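following is a predicted model, sequence given first.
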Amino acid sequence: MMDALKTLLLLFFLHTATSLPVPEPCEQKVVRLEEELRGLVRVISDQHHYILELHRLHSQQLENIPNSHLGPDNLYKDCSQVFADGNVATGIYVVRPDGSPTALTVYCDMSNGGGWTVFQRRRDGSENFDRAWVEYKQGFGDLYSPDGEFWLGNEPIHHLTSQGNYDLHIDLEDFDGNHRYAEYKNFRVDGEKDQFQLHLGEYSGDAGDALATVGSASRPSGVKFSTFDHMTHDRDKDSDTNCLSHSLSLHRCDSGNLNGHYYNGPYQAMTSDGVVWYTWHGLWYSIKSVVMMVRAAELQHPLVRQLGNEAPGGAVDSRSDQ
């Protein structure tokens, strides 16, 4: 009996000993730790390359900004002056409109006659345009990327358009690749104390005049700017709908609302709150792409100006700077 008990105890201890985890040999542990270390090195290397790529992209953006130092007395006032001075490359420039407390980084479009200061661009809905009053005042988005979406800011737009007589140009594209445009004379945006009120003159183009009553005889005072946190008095009083105007709109605030909600398709909107140009596609179609820009009405192409300053026989007219 005692022998049988001893045998059972021996078998129990042998089973327990064999079921315990075998300590990892030192060589295998070193191999495992070395592999983990190599993995960490790869992660660090990937992060390093990512940082270098960010620096490269940032440097490319900085290259688009003029590298010459411009003091407060010799900055261009807008892209029209940039173009008139012989700069014909579309891209980023630094300007300082009259009355602006600081210089502005702006995107100048030198196509379509040149000299256009772009203040709004929408391509794919990557930027949220449902913003508060202060955001629309100061501006937001990415103007450095050719396809970046942005709003330059109501304050900068006010300073730009208060310098003289400006034209407004609007490029529109639908989801079938069709393009239309609208232009308005005498475009001006008042200052904040006047609720960034919009003024427009004569229309031309092939998109239709969706802003027909803004600044016209039927509404000579134009339309004041509104956001979800800052509804203007005339908007609250006159509108019979609960829609919001994010600039460039009519008495019906959705008829020409180019800052509306972006939909990834023409008829996905359940209400007329999309990127709307009523006279082209109606209230229910949300536009795919919009670019809005301004230019001094008296702008003359630098080549035309140069030829105009040449007297007969090729001599330069001494009155050119008068």
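Sure thing, it's come through.

residue ranges for the helices of the chain, please.
2-19, 26-63, 79-84, 133-138, 154-161, 233-238, 278-281, 302-308 (DSSP state H).

of those, which shows the lowest average pLDDT?
Least confidently modelled of the helices of the chain is helix 233-238, at a mean of 46 by mean pLDDT.

show me the shaky parts of the stretch 151-300 of the chain.
Per-residue confidence for the stretch 151-300 of the chain (pLDDT under 70) gives these ranges: 213-221, 232-254, 300.

now with 90?
Low-confidence segments of the stretch 151-300 of the chain (pLDDT under 90): 211-257, 266-273, 283-284, 299-300.

give me the neighbour count for residue 278.
If you count neighbours by other Cβ atoms under 10 Å, residue 278 ends up with 21. Quick note: C-beta positions are derived from backbone N, CA and C, even for glycine.

can you check residue 26 too?
Residue 26 has 8 nearby residues by other Cβ under 10 Å.

same check on residue 190?
Neighbourhood size, residue 190 [other Cβ under 10 Å]: 19.

what of residue 124?
The burial count for residue 124: 12, using other Cβ under 10 Å.

quick one, what contacts it?
By Cβ atoms under 8 Å, 6 or more residues apart in numbering, residue 124 lies in contact with 147, 149, 262, 264.

same thing with residue 95?
Contacts of residue 95 by Cβ under 8 Å, 6+ apart are 75, 76, 77, 78, 79, 81, 82, 103, 104, 106, 117.

can you tell me how far it sits from residue 80?
In this view, residue 95 and residue 80 are 10 Å apart by Cβ to Cβ, to the nearest Å.

identify the contacts common to the two.
Contacts common to residue 95 and residue 80, judged by Cβ under 8 Å, 6+ apart, are residue 117.

what sits closest to residue 127 if chain neighbours are left out?
Nearest residue to residue 127, sequence neighbours excluded (Cβ to Cβ, 6 or more residues apart in numbering): residue 149, at 3.6 Å.

wait, isn't the one you found in contact with residue 126?
Yes - contact status for residue 149 versus residue 126: in contact at 5.5 Å, counting by Cβ atoms under 8 Å.

which one of those two is surrounded by more residues?
Between residue 149 and residue 126, counted using other Cβ under 10 Å, the more crowded position is residue 149 (22 against 13).

measure the more buried one to residue 80 for me?
Residue 149 sits 24 Å away from residue 80, going by Cβ to Cβ.

what does residue 263 give?
Using Cβ to Cβ, residue 263 is found at 34 Å from residue 80.

more neighbours, these two?
For residue 263 versus residue 80, the count of surrounding residues by other Cβ under 10 Å is larger for residue 80: 27 against 19.

hang on, isn't the more buried one packed against residue 295?
Yes - counting by Cβ under 8 Å, residue 80 does reach residue 295; the two are 5.4 Å apart.

what's the overlap in contacts for those two?
By Cβ under 8 Å, 6+ apart, the residues touching both residue 80 and residue 295 are 115, 116, 117.

and which of those is nearest residue 172?
residue 116 (15.2 Å; Cβ to Cβ).

what about that closest one, neighbour count?
A count of nearby residues for residue 116, using other Cβ under 10 Å, gives 28.

so it versus residue 259, what's the distance?
Taken as Cβ to Cβ, the span from residue 116 to residue 259 is 19 Å.

one more: residue 105?
For residue 105, the distance to residue 259 - Cβ to Cβ - is 21 Å.

out of everything not next to it in sequence, what's closest to residue 279?
For residue 279, ignoring the flanking residues on the chain, the nearest one in space by Cβ to Cβ, 6+ apart is residue 208 at 2.5 Å.

kindly indicate which of the shared contacts of residue 80 and residue 295 lies nearest residue 176.
Closest to residue 176, out of all of the shared contacts of residue 80 and residue 295 and judged by Cβ to Cβ, is residue 116, at 25.3 Å.
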